[in-house]
Structures are given as C-alpha cells and as structure tokens.
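Novice: Fold the stuff below for me.
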Amino acid sequence: LQRAAGLGFGPAQHELQFLARGAGTDWQALRRQVDINAWTGARPVRIVSSSPRIGVIDGFASADECEWLIGRGRRDLRRARVYRRDAAGHAEVDNRTNTESDFTIINADLVLSLMRDRIAACIGTGVRYFEMTKLLNYQPGQFFGLHADFQAPDTPALAREIEEHGQRVMTFLTYLNDDYEGGETDFPRIGYRNKGRRGDALYFVNVDGAGAPDYRTVHAGLPPASGTKWLLSQWVRSRPVA
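Specialist: Numbers count the residues shown, from 1 in each chain. I've put the predicted structure just below:
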C-alpha cells in the first residue's frame, strides 16, 4: 500500500491515510503510524443469551469505519438471494426483499481485511473460516423474513453443501448506521430483539454443542419504517473456506 501510494495511486494514498488516522504525504511515516493491534484487537463482548449463545459488542467499529465500508460496497448493490433447496446455487425469494453486495477482490481492501481480523479476535476463530463478507441494505419496508442461517440438511442439495463446505455455524453482524426507525433483528423463539447503534455488533451461534442446527436461532430482519439500514454481514463456517 505504501508503494502504491508513493507511485501516485490516489485510492492507496487515501486508504493509507485512513489506516494511519493521519494526513500528509510522507507515505513511509504513515505506514509506520498504522497501529495494527488497535485495528485488529478484540473488543469486549457482552453475552445477552447463553443458550443459544448471542453476544453484543458495543462500539465494535468507529463511525468513520462504518462510513468507509458503506462507501466501498454501496455501488454494487443487487437483490439479495438465498440458498436454493432443490439444487446448487442461489435464488431470489419473496421472503427476502433487501439488497446486498459482495466484498470481492474488486472492492475489498486492507481496511476490510483488518476488520475481519478484528471479528475473528472477538469470536475466537480464524478468518480462514469466513465466507465472503457482505454489505446489506434495507430501504423502508424491505425485510428478510423468518429464516435460519445454518444449512438444514433436509434436502440433497443442502446436505451436499454442508458436506462440501461445512456448516454455517455463526453469524456476525455490524450495524453501520442507526438513523432509521424499526429494522430490529428479531429472534422470536427466545423473545429477543436487537437494534444496535452505529458501530455496534451482534453475533450468534447457529448450532448447538453437538454441531446440529439450533432452531432457536431462527430470526428475521424486520423492515425499517423510515430511513435506510446498513449492515456488514459475516458468516462463519465449520471448516476452512477455499
């Protein structure tokens, strides 16, 4: 990143300044100023449910980090999809009306990489178990109805997905803004709802102690009544992701 900045690449210059939380054009000095431990270190977790395990991390991300992530992903939004039950692949369904974008090699960067390390430190796992990170957007009235994030092995297609790629054992959500009404994450089977402030995070374990799907984690992304909701979504598998 320092080399790219020194060669005059504007996005690298901006990113290096952002990582260093500084200004100027001494790219070597800015590189030395980047505090990797501060970027990647774990934040305190507050357990709100022990079974199923649900944790809240107040202030997981700063306001400028939230804005950075929205800016990196918002231009690639598309209708969100879910895993098909009858065949490999994904499909749009009436139960999910929000939009999403993927952080691929095209729009991922070192900021996201370091924040994925921060997530891993908070939940005690390695980033090699992480699926592709996603940016989620909910406009007023858009929702994700009751669903489970684990893969239910009740069709050949989903059983094959688990066998090939592992179970989706954990979900980590970062609330990137809070200037909207409604839009809670709702767990009706345990009577818990969460609406984080900007920068707060919520994670939950989707399987029980034996690794079987925990249906108490069925949840919904309720629709905002007004305003736009932004989330960073990170799913975690039971085996390393290729």
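
Novice: so who does Phe242 touch?
Specialist: Phe isn't right for residue 242; it's Ala. Under the criterion of CB atoms under 8 Å, 6 or more residues apart in numbering, the neighbours of Ala242 are His165. (C-beta placed from N, C-alpha, C; glycine too.)

Novice: separation between it and Thr125?
Specialist: Separation of Ala242 from Thr125 (CB to CB, to the nearest Å): 17 Å.

Novice: quick one: low-confidence parts of this structure?
Specialist: Across the chain, nothing is flagged by pLDDT under 70.

Novice: And the helices in it?
Specialist: For the chain, helices defined by DSSP state H occupy the ranges 2-6, 10-20, 27-33, 36-40, 63-73, 110-123, 156-165.

Novice: buried ones in the third one?
Specialist: The one in question is helix 27-33. For helix 27-33, a neighbour-count test (16 or more other CB atoms under 10 Å) marks 27, 30-31 as buried.

Novice: Next: the fourth one.
Specialist: Within helix 36-40, the residues that qualify as buried by neighbour count (16+ other CB under 10 Å) are 39-40.

Novice: starting at the chain centroid, how far to that helix?
Specialist: Distance of helix 36-40 from the chain centroid (CA atoms, centre = their mean, to the nearest Å) equals 18 Å.

Novice: ok, now the fifth one?
Specialist: Here the centre of mass of C-alpha atoms in helix 63-73, compared against the chain's by CA atoms, centre = their mean, lies 12 Å away.

Novice: Likewise for the first one?
Specialist: With CA atoms, centre = their mean as the basis, the distance from the averaged C-alpha position of helix 2-6 to the chain average is 29 Å.

Novice: quick one: contacts of that helix?
Specialist: Outside helix 2-6, the residues within contact range by CB under 8 Å, 6+ apart are 12-13, 16, 27-28, 30-31.

Novice: What number of residues are in the vicinity of Phe130?
Specialist: Using other CB atoms under 10 Å, Phe130 is surrounded by 19 other residues.
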